[in-house]
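Undergrad: give me the fold of what follows.
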Amino acid sequence: MTPSKAARKIRAWNEKPEAMPPRLRLTQERYRRSLAPGSCRLRWDGDADKQVANYMRAQVHQSQIETMVRQVLCAHGVPTVMFVPYFAFARRLDRLARVFSGPTLFAAAASLVGRWQAQGLELSVLDHVCRDVFSLSLDDCRRTMPDEATSK
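TA: Model (predicted):
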């Protein structure tokens with residue numbers, strides 16, 4: 001039985017995750033067309049060019065994060081079916097890293113790690129995602145948590 005096209009793509013990705021470039025989900029032209037009157041909401045000032053530029057920049061940023069997370073997951077032998085929750089964790093952590101800094105970021109990241117660990121993700125993989133992708137150490141995060149939160 002020959003493997004499907006999707007299985008071949010997944011196998012190629014798992015063999016060399018760093019060799020594959022980030023893939024953009026929506027091209028600039030398609031997003032611009034989706035902003036046609038009545039299809040999608042425009043910015044409050046109506047500047048569609050700036051909205052498209054911001055969207056494309058955010059899409060490239062998200063693709064880069066997913067590529068780095070995928071490399072961590074492949075290095076740890078995480079099954080492909082479990083990639084989705086780890087990507088969701090990385091998106092949440094990215095949002096926290098853009099909104100907070102310092103001790104607040106560490107406390108929020110520690111809480112987020114606890115939540116996703118309770119949902120069945122491995123702590124060691126979460127730790128590597130924090131450290132390798134976002135340069136956050138879980139040890140620093142745990143030091144900022146109150147004692148009663150870490151003793152539970």
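Undergrad: what's stretch 132-140 in contact with?
TA: Taking contacts as Cβ atoms under 8 Å, 6 or more residues apart in numbering, the residues outside stretch 132-140 that touch it are 65, 68-69, 72, 90, 93-94, 97, 105-106, 109-110, 113, 126-127, 130-131. (C-beta placed from N, C-alpha, C; glycine too.)
Undergrad: and it, which residues are buried?
TA: Residues of stretch 132-140 classed as buried by neighbour count (16 or more other Cβ atoms under 10 Å): Val133, Phe134, Leu136, Leu138.
Undergrad: so which of those comes closest to Tyr86?
TA: Top of the list for closeness to Tyr86, among those and by Cβ to Cβ, is Val133 at 10.4 Å.
Undergrad: separation between the closest one and Thr67?
TA: Taking Cβ to Cβ, to the nearest Å as the measure, Val133 and Thr67 are separated by 10 Å.
Undergrad: tell me which helix or strand Leu42 sits in.
TA: Taking DSSP states H and E as the definition, one finds Leu42 inside no helix or strand.
Undergrad: so where do the helices sit in the chain?
TA: Here the chain has its helices, by DSSP state H, at 5-15, 28-34, 48-75, 83-99, 102-118, 123-134, 138-144, 147-150.
Undergrad: of these, which is nearest Leu42?
TA: Among the helices of the chain, the nearest to Leu42 by Cβ to Cβ is helix 48-75 (6.1 Å).
Undergrad: could you dump the buried residues of stretch 132-140 to JSON lines with distance to Pro79?
TA: Formatted as JSON lines, the entries for the buried residues of stretch 132-140 read as follows, by distance: Cβ to Cβ, whole Å:
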{"residue": "Val133", "distance to Pro79": "19"}
{"residue": "Phe134", "distance to Pro79": "23"}
{"residue": "Leu136", "distance to Pro79": "25"}
{"residue": "Leu138", "distance to Pro79": "23"}
